[in-house]
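Peer 1: mind folding the following:
(chains A and B)
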Amino acid sequence: MERACISARQLFMLAILFEHGSAMVIPLGVDAKQDVWLAILCGMVLGGGLLFVYYRLFTYYPRLPLTSYSQRIVGSFFGRVLGIIYVLYFLYIAARVLRDFGELLLTFAYPETPLFILNAVMMLTVMYAVYKGIEVIARASQLFFFSLYWILILGFVLIIIAGAVDLHRLQPILEEGWGPIFHVVFTQTLYVPFGEMIVFTMIFPYLQKQEKVMKAGFLALLLSGINLAMIMGMNVAVLGADMVSRSTFPLLNTIQEIRVANFLERLDVLFMIALIVGGFFKVVVFFYAGVIGAADLFQIKEYQRLVYPLGISVLFLSIAIASNFAEHIKEGLQIVTIYMHIPLQIVIPVLLLLIAMLRQGKRGRKPQGAREQRTP
Amino acid sequence: MKIKRYPFLIFMLFICTLLFGCWSKKELRDLALIIAVGIDKKDGKYMSTFQVVNPGNVAGATQRGGGSTGLPVALYTSTGDTLVEASRKASKQISRIPYYSHTNLVVIGEELAKEGIQQIFDAVERNPQFRPTANIVIARKQTAKQLLSVLTPIDKIPANQMIKTLELTEMMWGENVDTRLREVIESFSLAGKEVIMSSFYVDGNRKHSDDQNNVRTMEPTARLRAAELAIFKKGKLIGWIGKEEARGVLWILDKIKQTAVTVDWKEEKEAVSYKVVRAKTKVTAQLRNGKPIIFVAVKTEGDIGETFVAIDFTDPKQIVALEKVMQQEIKAEIEKAAHVAQKKKSDIFGFGEVVHRAYPKEWKEMKKTWDDKYFPKLDVQVKVESFIRRTGLRTRSYIQ
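Peer 2: Numbers count the residues shown, from 1 in each chain, chains lettered A, B, ... in the order given. Modelled structure (predicted):
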């Protein structure tokens, strides 16, 4: 861990940007057809439960990241194994998001640029940010939070003025009942983006006022859940459920519908900004968590030394994980969900929490004990 | 000193990464700005016609008013098995890269429309350059190429002339509808909605329509004119609907913004014109004994535009009586339109989708036979409420 501290407000903004990240631009949970917004809201509520698990773990060890307290909870050996698994998971997801980002830019804006170049430029920026540390990342998030919100509100207002919204397209609600919605929730929306808050277990310890974690975290989850539901609902109301589900980036198509007074049109650049800002923060947070986790596990005092080797690994990994876009998406929706998201976002944290509760119960509930044992 | 040079060199190297942003750069003078695309079928192959803007001449023509230097647009034709192939093959004639971001109009030849248009939109939808807000029209009684090879006098770019005409006539008169590409694509995925599109034809002598002399005369020998609405069914053109019936369609679709309705008064035929300023239509569905009924409720507001008979507009009773006549006239238009569509068995009003939204469970059964069984026999109940708010600058007319 580095010596740094961030405020609750910064954590809130970072979490918002992180949650919006790529979820805003990809067709998230579109298998629920016109009820996609419901699927996202349900995912948010259940994601709130997961966040509560992570929060409880944090209250037991408020000064330690996940990779350290796993060793406290299940013993040094198993804890380390878990820590390594989590570090690999974070780095892998960073590579996935980086790939998402590159693919999106490539299909839409830079058809002739090689994927490697786009990913490399993005990764260089990410590595620089992570090199500078969490305080810099948090301050950058303050800056971009407002630009992202400004874009969202502007887009929202313009699309309504343009008269492209037809709320009839959201009907009939619950055409096939709750079944397909819960299917989508448990296969997609719960894990991406809400369950991905697991990565914040590596960042919570930096918070200046630790009693505020709860408020900042849950507010961010709530707000981003509502926003994402609104964005996807809007996509359906503008494009219709069928087109949204066939679209590579529904938000782009929605923004292209804006045509106000014959001159306010072709605002694709709004989409580009949202995509780049969101993608950047998502990669940064995952990559930072991975780097810090590795530094913590292997007792490296200057975590900065790990930034370049791990960054380049992530870059190459992002190219190597799939040979085409379809493969990449399929892996993300099925294999990663079953073999990574479910065990690492739900099963292990819950088990850790149960064991921690048992242990703390035996010792007579002294969570402060952990704080003293921390090695700087 | 030597050591200090390295950071500078590395910095210089990093500056180079900024150049990656220029990878897909395209210079403006290397682009052929395609403003309109026409699609026809010829010997089983697609024939694309591109109307390419010549930017220098557009600016020049507006300033000088005559366009003596050259034409604002150029026309290129290219054939291929697919549209992408045709577009790429066009490079044999055009010296610039075809650029579709400014394509605002897609014209489809009548022959191709009859054969089916479902295939042609995949390429358009997949291409990130192409805009889903592009307008789409059918070339009535001719090929798309013939329609695109007409020079126009006021708006120098013929494609713009067509788009603006379409938008204006939809707003002022309401017999044509400005259909966007996305609406067409969306209708393919909905079981309970078919698409309608406006058509254009070349009025007058078509022979020298592409000659500059066409715009040198006061009344161009060849003019572009909006024609009937094309009715589609499963992506195939099956018929036309025009005049009052066409306006009836727009009433139901809630696309009427303004229009003028002329009605009889007592013995006098077509005596009073009513200018509609605002109109709103609501379509709802109900299921009675397993049979769907559609309710169309129209509300209009407007002024008196013209009268050929002596009516005392200071008398509210007369106004109410006149409102009643208006309501019947509009109702008749709507019913006629519904009748035509039902005869063609094409649900251009999206009544099926209204039923789908209101009764999703029952719709699952109905949608299989909607076009053949339910829609042609559908009970459409029309209710019109018209309000005459003002009578213009005069109350009584000078006509006695």
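Peer 1: for stretch B:181-194, buried residues please.
Peer 2: Judged by neighbour count using 16 or more other CB atoms under 10 Å in any protein chain shown, the buried positions of stretch B:181-194 are B:181-188, B:190-194. Every residue, glycine included, has its C-beta placed from N, CA and C.
Peer 1: distance between it and the chain's centre?
Peer 2: 14 Å (CA atoms, centre = their mean, to the nearest Å).
Peer 1: who touches it?
Peer 2: The contact list for stretch B:181-194 (CB atoms under 8 Å, 6 or more residues apart in numbering or on different chains) reads A:239-240, A:242-243, A:253, A:257, B:106, B:117-118, B:121, B:124-125, B:130-136, B:195, B:197, B:231-235, B:346-356, B:363, B:367, B:370.
Peer 1: filter those residues down to just the ones in strands.
Peer 2: Per DSSP state E, strands hold the following members of the contacts of stretch B:181-194: B:106, B:135-136, B:197, B:231-233.
Peer 1: now the residues you listed as a markdown table including neighbour count, pLDDT and distance to chain A?
Peer 2: Formatted as a markdown table, these follow (neighbours: other CB atoms under 10 Å in any protein chain shown; pLDDT from 0 to 100; distance: CB to the nearest CB, whole Å):
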| residue | neighbour count | pLDDT | distance to chain A |
| --- | --- | --- | --- |
| B:106 | 25 | 94 | 15 |
| B:135 | 21 | 92 | 11 |
| B:136 | 24 | 93 | 15 |
| B:197 | 23 | 92 | 18 |
| B:231 | 22 | 93 | 21 |
| B:232 | 25 | 92 | 17 |
| B:233 | 17 | 90 | 19 |
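Peer 1: Serialize these to a markdown table and add fields for distance to residue B:281.
Peer 2: Listed next are these as a markdown table, based on distance: CB to CB, whole Å:
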| residue | distance to residue B:281 |
| --- | --- |
| B:106 | 27 |
| B:135 | 22 |
| B:136 | 23 |
| B:197 | 20 |
| B:231 | 19 |
| B:232 | 21 |
| B:233 | 23 |
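Peer 1: among the residues you listed, which two are most distant?
Peer 2: Greatest spatial distance among those (CB to CB): B:135 and B:233, at 21.3 Å.
Peer 1: so which bits of the stretch 251-376 of chain A are right by chain B?
Peer 2: Within the stretch 251-376 of chain A, the positions near chain B by CB under 8 Å from any CB of the partner chain are A:253, A:256-257, A:259, A:265-266.
Peer 1: just those residues: which are in helices?
Peer 2: A:253, A:256 (DSSP state H).
Peer 1: now the residues of the stretch 251-376 of chain A next to chain B: which count as buried?
Peer 2: Looks like these have A:253, A:256-257, A:259, A:265 buried, using 16+ other CB under 10 Å.
Peer 1: which one among those residues gets closest to residue B:100?
Peer 2: residue A:256 (12.8 Å).
Peer 1: residue A:250 is in contact with the closest one, correct?
Peer 2: No. Using CB atoms under 8 Å, residue A:256 is not in contact with residue A:250; the gap is 10.6 Å.
Peer 1: and the stretch 51-200 of chain A, which of its residues are near chain B?
Peer 2: Within the stretch 51-200 of chain A, the residues that sit near chain B (CB under 8 Å from any CB) are A:107-114, A:117-118, A:120-121, A:124, A:168, A:171-172, A:175.
Peer 1: buried subset of those?
Peer 2: Neighbour-count burial (16+ other CB under 10 Å) applied to those gives A:108-110, A:113, A:117-118, A:120-121, A:168, A:172, A:175.
Peer 1: which pair of the residues you listed spans the longest distance?
Peer 2: Across these, the longest distance by CB to CB is 47.0 Å; it joins A:120 and A:172.
Peer 1: hmm, back to that, redo the buried ones among the residues of the stretch 251-376 of chain A next to chain B as a markdown table? Include distance to residue A:11.
Peer 2: Compiled in a markdown table, those are given as follows (distance: CB to CB, whole Å):
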| residue | distance to residue A:11 |
| --- | --- |
| A:253 | 33 |
| A:256 | 35 |
| A:257 | 35 |
| A:259 | 39 |
| A:265 | 38 |
